[in-house]
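Asker: Sequence below, structure please.
(one chain, ligands or ions: 1)
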Amino acid sequence: MQAVILAGGKATRMRPLTLHTPKPIVPIVGRPFLAYTLDMLRRAHVREVTLALSYQPQKIEDMFGDGSHSGVRLRYIVESLPLGTAGAVRNAREHIDTRAIVLNGDILTDVNLTAVLTAHRESGAAATIVLAPVDNPRAYGVVETDETGRVTHFLEKPAADQELPTNNVNAGIYVIEPEVLTYMPAGETVTFEYDLFPALLEQGVHVQSFTAGGYWTDIGTPRRFLRANLDVLAGRLGPTNVPVRETVERADPKAEIDALSWLDPSVTVKAGAQIVNSVIEDNCVIEERALIENAVIRRASRVGQSATVRDSVIGQSTHVGRFSVVSGAAIGDKSTVTDYSQLGEMR
Ligand code: GTP
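Answerer: From the prediction side, this is the model:
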């Protein structure tokens with residue numbers, strides 16, 4: 001079984017976190033995001049994976065190499081200009097000679113791909129779309145089906161006043177038979193959601209759905225990225241993904257680190273600092289009496305004495321000054337928040 005991971009988007013909505021790091025390798029609890037996707041594919045016995053890249057491809061290739069550390073064989077196909085989600089798969093078609101799983105490279109889920117493949121085979125469909133029920137379907141593509149699960153209609157990012165028939169959205173995971181690619185509408189960029197799937201329905205091609213239970217989110221915005229980190233800490237992605245925290249040698253005995261938080265062992269935490277439900281990556285320094293709560297602090301950053309970082313993501317090599325408050329914010333890499341700043345929480 002083979003898979004194509006779509007990982008070439010510019011990730012504009014996730015800026016500033018993706019200015020220097022492509023979305024597929026932004027870490028979730030210290031592991032590059034793509035590692036979770038490769039785990040899921042390996043569990044479904046997928047061994048051949050093509051990564052369709054465009055934005056900052058070298059950084060991804062440098063990190064994952066030939067895939068041998070991840071237990072899969074990785075192949076890279078780089079688009080000089082993004083071709084759209086379906087265009088990217090068409091571009092890789094010489095490697096897709098049999099049924100394939102196609103995944104967006106920005107979804108975190110514990111969906112059972114083996115069950116998806118079985119359902120696809122049994123339905124005899126040309127394509128199967130995994131659906132995920134969500135609370136806020138308007139931000140996604142809503143997919144309507146008949147009572148047998150056959151897809152009947154797509155509603156991409158519906159308007160605020162439009163009544164919705166379902167809260168099942170396109171989860172960004174598809175199983176496709178190779179002939180599906182022959183229905184591709186002409187055009188420079190072709191997406192699954194706006195172009196290919198609607199074209200398939202128009203031609204009467206059988207597109208089936210599979211509704212996933214369990215955990216599903218995408219990490220397309222800083223807010224969702226933060227939530228995905230906290231969900232992994234809370235074990236919502238399943239017990240095998242709950243991170244193990246190694247001893248943090250440079251944590252002062254007078255610092256408080258709760259049991260949920262994950263810190264890289266290289267982190268320094270000084271006396272009186274408090275870390276609650278947070279992720280702190282390698283080589284960070286948390287100074288005396290700083291409070292970090294429901295936050296992700298990316299690598300090599302420093303949070304100054306008595307500063308508070310809450311419900312926020314702090315980029316790499318960033319300095320949060322003494323006595324400042326950062327709340328509900330996403331701060332880019334190499335930034336300086338000057339002492340006594342009040343970001344998101346003005347007195
Ligand atoms: P935004 O710019 O914030 O919309 O993010 P994005 O560029 O990641 O787009 P979107 O979230 O719609 O993409 C869903 C998935 O498809 C992501 O994993 C993208 O990397 C991937 N993707 C989107 N467009 C392309 C493309 O043209 N080529 C390839 N190879 N992948 C793409």
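
Asker: Give me the three-state assignment for Glu179.
Answerer: helix (DSSP: H, G, I helix; E, B strand; the rest coil).

Asker: Just the buried residues of stretch 142-162, please?
Answerer: Counting neighbours by 16 or more other C-beta atoms under 10 Å, one finds that the buried residues in stretch 142-162 are Val142, Val143, Thr145, Val151, Phe154, Leu155, Pro158. In this view, the C-beta of every residue, glycine as well, is placed from N, C-alpha and C.

Asker: As a markdown table, those with secondary structure and distance to Arg224 would be great.
Answerer: As requested, the buried residues of stretch 142-162 are arranged in a markdown table below (DSSP: H, G, I helix; E, B strand; the rest coil; distance: C-beta to C-beta, whole Å):
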| residue | secondary structure | distance to Arg224 |
| --- | --- | --- |
| Val142 | strand | 18 |
| Val143 | strand | 20 |
| Thr145 | strand | 25 |
| Val151 | strand | 25 |
| Phe154 | strand | 22 |
| Leu155 | strand | 21 |
| Pro158 | coil | 19 |
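
Asker: Filtering these by proximity to the ligand, which remain?
Answerer: Residues shared between the buried residues of stretch 142-162 and the neighbourhood of the ligand: none [C-beta under 6 Å from any ligand atom].

Asker: possible to save those residues as CSV with pLDDT?
Answerer: Below are these laid out as CSV (pLDDT from 0 to 100):
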residue, pLDDT
Val142, 87
Val143, 90
Thr145, 93
Val151, 95
Phe154, 89
Leu155, 84
Pro158, 75
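
Asker: Hmm, Ala251 and Ala271 touching each other?
Answerer: No. Judged on C-beta atoms under 8 Å, Ala271 makes no contact with Ala251 at a distance of 9.7 Å.

Asker: And those two? Which one has more around it.
Answerer: When neighbours are counted by other C-beta atoms under 10 Å, Ala251 comes out ahead of the other of Ala271 and Ala251, with 20 against 12.

Asker: Would you tell me which residues of the stretch 101-250 of the chain are close to the ligand?
Answerer: Residues of the stretch 101-250 of the chain lying near the ligand (C-beta under 6 Å from any ligand atom): Asn104, Gly105, Asp106, Gly220.

Asker: Among those residues, which pair sits farthest apart?
Answerer: Based on C-beta to C-beta, the longest span within these runs between Gly105 and Gly220 and measures 10.8 Å.

Asker: In terms of neighbours, single out the busier of the two.
Answerer: Just comparing Gly105 and Gly220: by other C-beta under 10 Å the higher neighbour count belongs to Gly105, 26 against 21.

Asker: what's the nearest residue to that one if we skip its chain neighbours?
Answerer: Nearest non-adjacent residue to Gly105, counting by C-beta to C-beta, 6 or more residues apart in numbering: Ala7, 3.3 Å away.

Asker: swap in Thr338?
Answerer: Residue nearest to Thr338 in three dimensions, not counting chain neighbours: Gly321, with 4.9 Å by C-beta to C-beta, 6+ apart.

Asker: Would you enumerate the residues in contact with the residue nearest to Thr18 when sequence neighbours are not counted?
Answerer: The shortest distance from Thr18 to any non-neighbouring residue, by C-beta to C-beta, 6+ apart, is to Ala11 (4.0 Å). The contact partners of Ala11, by C-beta atoms under 8 Å, 6 or more residues apart in numbering, come to Thr18, Pro22, Lys23, Tyr55, Asp106, Gly220.

Asker: Is the third one in contact with Ile219, as I believe?
Answerer: Looking back up the chat, that one is Lys23. Yes. Lys23 sits in contact with Ile219 when judged by C-beta under 8 Å, with a separation of 6.9 Å.

Asker: Touching both of these two, which residues are there?
Answerer: A shared contact of Lys23 and Ile219, defined by C-beta under 8 Å, 6+ apart, is any residue touching both; here these are Met14, Phe33, Asp106.

Asker: Now a ChimeraX select for only the buried ones of those.
Answerer: The buried residues among those can be selected in ChimeraX (16+ other C-beta under 10 Å) with this line:
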select :14,33,106
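
Asker: wait, which of the shared contacts of Lys23 and Ile219 is closest to Arg75?
Answerer: Phe33 (18.9 Å).

Asker: can I assume the closest one is in contact with Thr18?
Answerer: No. Counting by C-beta under 8 Å, Phe33 does not reach Thr18; the two are 10.8 Å apart.

Asker: which residues are common contacts for the two?
Answerer: Joint contacts of Phe33 and Thr18 (C-beta under 8 Å, 6+ apart) are Val26.

Asker: In this structure Thr217 contacts Val232, no?
Answerer: No. In this structure, Thr217 sits apart from Val232 without contact. The criterion is C-beta under 8 Å, and the distance is 10.2 Å.

Asker: Name the residues contacting each of Gly105 and Gly220.
Answerer: Taking C-beta under 8 Å, 6+ apart as the contact definition, Gly105 and Gly220 share the neighbouring residues Lys23.
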